[in-house]
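Q: below are the sequence and a predicted model for it; my questions follow.
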Amino acid sequence: MSMSLFNYILFFRKRMSPVCQLAGCVKFAFLLLLFPQMAFAAAQYTVEIKPAPVWVQQVQTSKPDTIPVDDIESGNYYLLVDNQLKIDETSSKVRFNRIQQLVVNQRGLEHNSQIEVDFDPLYESLVFHSLAIIRDDQTIDKLASSDISVLKQEGRIEQGLYDGRLTANIILADLRVGDVIDYSYSVIGANPIYQGIFSYRRTLQWSVPLYAQSVRVLWGKTKPLYVDVRNAPNTVSHKDITLDNKPYVEYAISRSNSPILITESNTPTWYNPFVTVYFSEINHWGRVVDWAQPLYHQPEINANNVQEVINEIKLKTSVPNQQVMLALNYVQDQIRYLGLEMGINSHQPSKAEDTLERRYGDCKDKVVLFIALLKGMDIDAYPVLVDTEEGLDLPLQPVSINAFNHVIAKVQVLGMTYWLDPTMNYQRGPLSAIYQADYDYGLVIKPGVSELAEIKIHDPQSMLVKTEIYDLSAGKDGESKLTAKNQYLGDRAQNLRYQLEDIGFKALQSLYEDYYRELFSDIKLIDKVIISDDKQTGVLYTQQDYVIQQAWQPEGDNFDIGFTSHSIRNALNKPSKAERSSPYWISFPNKIDHTIEIKVSNGNWTFPSESLVEDNPYFSYEYSVNFNDDAKLLTLKFNYRSKAGAIPEMNIGDYIAAIEKIEESLYYSIITYGDGASTANEASDSGAAVNEGLSTQDELILFAVLLYILGVIYAIATWRIDSSSRLEYCDEVYYPVSRRKMLILSLATGGIYTSYWIYRNWKYVKQTEQLGIMPIARGIFSAFWYYPLFSHLVADSKARFAKNTIMPMGIGVVAAILFFIANYSYNTDNWYLVGMLASPILLFPMLSYIIGLNGRDSHAYIANSKWKARHSVISLLFLPWIFFAVGKDLAILPSGKVLMGEQLFQRNIDFMNDNNIVKDNEDILMFYSDGLISYEDDGNGFTRSSVFSYWNEEGELNIKTADFVDVKNLKVEYGNDTDEQTVITVELNDESQFLLIISTLDKLDQDFYQRLRKNWYQTNKLADNKES
């Protein structure tokens, strides 16, 4: 259905804010003014066209027998990726690349219609050798007839980076599905900053299919070339060859039909399971240090501007730790981040005085300035090359000169080592309390260093201290109050300072209020959120004061209120399954202290003390419950500490088990009886499990599926036959059809016919106006094309009648918006019927205009409005589903979600009474049926005093019931998503048990279990009181 596709339109993806876009444009304009030679380099550069170099080996290719359609993405199948490099002592490095791609489908046409190659004109030149399309074993040359445009890259301006690279762009004409694109080119040259040191790596295993690939390196230097392959045996061959009377060593590796590898969700960025080949002329990190030292070496400080900053810091304090913080804050706050990484500037930092003078710089510029300030105060500091994504993997990688993408500073002061990042912002407080840059491993640029350094941070600063104080002393009928106090330390404080400046105080205040409104619908903020930033300690404080009109929620004759440590529950990132082939990422460092204080009303309250401690290699957790009867104060404490950033794949099961041990303690609820005479409390557990089962009516479903398949085949076949013989009416204008047929078929097909009608009208527009549009796409995404079609018809009306005869433009805009909303409502639970009815009605104004143009007596109108046999078949196919959906929505049929007892029809209650499932004098509180079309097939539920389950198996009704006084315990395994079901185990005093199977839809399974548990607990508590 078009409506299901509608939900996935990229329109809903997050966009960059207008402010950020404006800032990016201003920066870009500034760069154009500052560097005109780069701004116009694209216009001046011409790409050469030459034959491939003679040293290139032409790889013979063939088309595969089968195409892995299920694994292909974007309609593109790589048939060949060939990379050949030539490196020697005297000539420039040459990288030859040849690509062959098969256009598999329509998406492939869009994806492959342009060829783009990036290069840096400051030190590289680009040469195209070939460009052809292979179609039906014929090769069609496209290089001579194609224009090569050279475009500027502007994509990283918003990130504060500009590297001056250009993109050669070729738009392919006459590309068709089934074509093979075959092109080759060479990039000549290398960044001089590397001083000729060669390093290259290539991934040999992709997440998409690759039929054939090869890598060939011709090594003409006297130094040895070190070659390594990770995650596979080293099958790189080598042999001596001669080129132009010069000796070379040829290294080569080729692979075909390499298996694809899809990374699992929550895989750490440093984990690399892909087969990768590495080439490097250096084999120890000391060589990289030797290369980098001259780049970062700064002469003695004699620049006035740098010395002035040093003197200012010295005047403020003589304490070294404080001097480090002042220098760090100065570079972070006063030097904005902007990288002009053109040519050697990609790795060559600017002089400290130059960065200070212009007040901007990238990571290396800021580090050099920061170190210069510290050096002027006799504090030891050194640059450290790091990788922000693959840091933990660096020790496992072969040595490479380009293994890093960022630089920080190692600072040694008063016997302590700190790893500081001047590109961070909003760091406040003492040096010992700020968040340090933990990139796992780095290379310290210091004489004598020859190994990677492990970045060890003794006490990572990332902590949330959360205190919630509930005042329930006014009782269940009175007004409750909540004071929420948060303390943010380390990077949490940094993030909140950024958020406050980014979205503003009012938006941040709304986020806090919305958070608690999810818990209490009638909560209201009493006054502004208080935000206090202690610059001395670096701790940021917030306080919110709320009033809650009705905190206690009715539960039968009683009232309850629940408390959850949402912060820790969210931190416990639980995998959906224990079986994984890669590590599982969790947030680290992460410290949370959560205290909930609850002041209850006077009365006889009883809250047993509880405690729980869980300590494992992944996290530690402590939980306690204490009640001060004199102060009527109940205190819940939750403390969480993460210990690792990832869980090894072989330990996922242990990690899940550890979470399940503590999940029950994260939720706590208290109950007050309706008369207020006594109280009870309970802690409720939660869990996760999968419960999969098959419907008992498989044969009926199979028969229905076969019947529907036959009906669909009939409808499509007759439609295609009619289409091939459809008469073309010369006087047909757009697509006229009767309103009756439009309304009936739109309702009967669940909205498909409205998409078809819009498609037919756009098809008419394309044919008559020779436009390059895709009518079928506009039909599928009809929600977006209502207003363009309306505008087109208005223009047609003005051309024919000199005025708009359809409807006023303002009403048309409203109708387009309503049509958009109606289409969206197809995918909602509550409004889809309204959407189904509104969609065709909103088309009536345009339809009436088209009918008027053609006339009701026109051949086209009569033919299009004719009701045919296939229309009846289509209606019969869809109408049962509509009636089925309506029946479920009205609870006439099992709805697939948990119901309140009052939603059940009396005939269903009579069935349960007649079969002694529920006693005649008891009301059902909550109920769920997994039946397909009848409540008599399956049911689970409970009353105030009992729980029951029944199911029909091969015509025999099985019944399990139990009074709450006979229930020893209740256990739950929650389903993770809507495709899984929650399983509640009812354990009886006689050691027997039975199960309740509950849908997870709308998370009502959690409400079902909590209420079931509370009624069970309440009943047993009352029974215990009577016995005593």
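A: That came through fine.
Q: A strand includes residue 810, no?
A: No. Applying DSSP: H, G, I helix; E, B strand; the rest coil, one finds residue 810 to be helix, outside a strand.
Q: how close does it get to residue 816?
A: 11 Å (C-beta to C-beta, to the nearest Å). (Each C-beta comes from the backbone N, C-alpha and C, glycine too.)
Q: what do you get for residue 571?
A: For residue 571, the distance to residue 816 - C-beta to C-beta - is 44 Å.
Q: kindly report the same for residue 508.
A: 35 Å.
Q: likewise residue 499?
A: 36 Å.
Q: the more surrounded of the two?
A: residue 816 (20 against 14; other C-beta atoms under 10 Å).
Q: next, the more buried one: phi, psi?
A: Here is the backbone geometry of residue 816 (degrees, to the nearest 10): phi -60, psi -40.
Q: check contacts around it.
A: 786, 787, 790 (C-beta atoms under 8 Å, 6 or more residues apart in numbering).
Q: wasn't residue 301 part of a helix?
A: No. Residue 301 sits outside any helix when classified using three-state DSSP, being coil.
Q: once you drop chain neighbours, what's closest to it?
A: residue 376 (5.1 Å; C-beta to C-beta, 6 or more residues apart in numbering).
Q: doesn't residue 306 make contact with that neighbour?
A: Yes. Counting by C-beta atoms under 8 Å, residue 376 touches residue 306, with 7.0 Å between them.
Q: so which of the contacts of residue 816 is the closest to residue 823?
A: residue 786 (8.7 Å; C-beta to C-beta).
Q: phi first, then psi, for that closest one.
A: With angles defined as degrees, to the nearest 10, residue 786 sits at phi -70, psi -50.
Q: give me the neighbour count for it.
A: 24.
Q: might one say that residue 397 is in contact with residue 387?
A: No. When contacts are counted by C-beta under 8 Å, residue 397 is not listed as touching residue 387 (9.1 Å).
Q: shared neighbours, these two?
A: residue 403.
Q: show me the beta-bridge partners of residue 279.
A: residue 200, residue 227 (DSSP bridges).
Q: contacts only, for it.
A: 198, 199, 200, 201, 217, 225, 226, 227, 251.
Q: go again using 10 Å as the cut-off
A: By C-beta atoms under 10 Å, 6 or more residues apart in numbering, the contact list for residue 279 reads 85, 87, 198-202, 215, 217, 219, 225-228, 236, 251, 398, 400.
Q: and it, how far from residue 957?
A: On the measure of C-beta to C-beta, residue 279 and residue 957 end up 73 Å apart.
Q: need phi/psi at the residue lying closest to residue 292 once chain neighbours are set aside.
A: Excluding its sequence neighbours, the residue lying closest to residue 292 (C-beta to C-beta, 6+ apart) is residue 445, at 4.8 Å. Per-residue torsions, residue 445: phi -90, psi 90 (degrees, to the nearest 10).
Q: wait, isn't residue 445 in contact with residue 386?
A: No. Counting by C-beta atoms under 10 Å, residue 445 stays clear of residue 386, with 11.2 Å between them.
Q: just want to know which of those two has more residues nearby.
A: residue 386 (28 against 24).
Q: list the buried residues in the helix or strand encompassing residue 620.
A: If you go by DSSP states H and E, residue 620 is part of strand 619-628. Under the neighbour-count criterion of 16 or more other C-beta atoms under 10 Å, strand 619-628 has 619, 621, 622, 623, 624, 625, 627 buried.
Q: beyond that strand, next helix or strand please.
A: strand 633-642.
Q: quick one: mean pLDDT for that following strand?
A: Summarised as a single mean, pLDDT over strand 633-642 is 97.
Q: that one relative to strand 619-628, how many degrees between them?
A: Using axes from the mean of the first three to the mean of the last three C-alpha atoms, to 10 degrees, the direction of strand 633-642 lies 170 degrees away from that of strand 619-628.
Q: no further questions, thank you.
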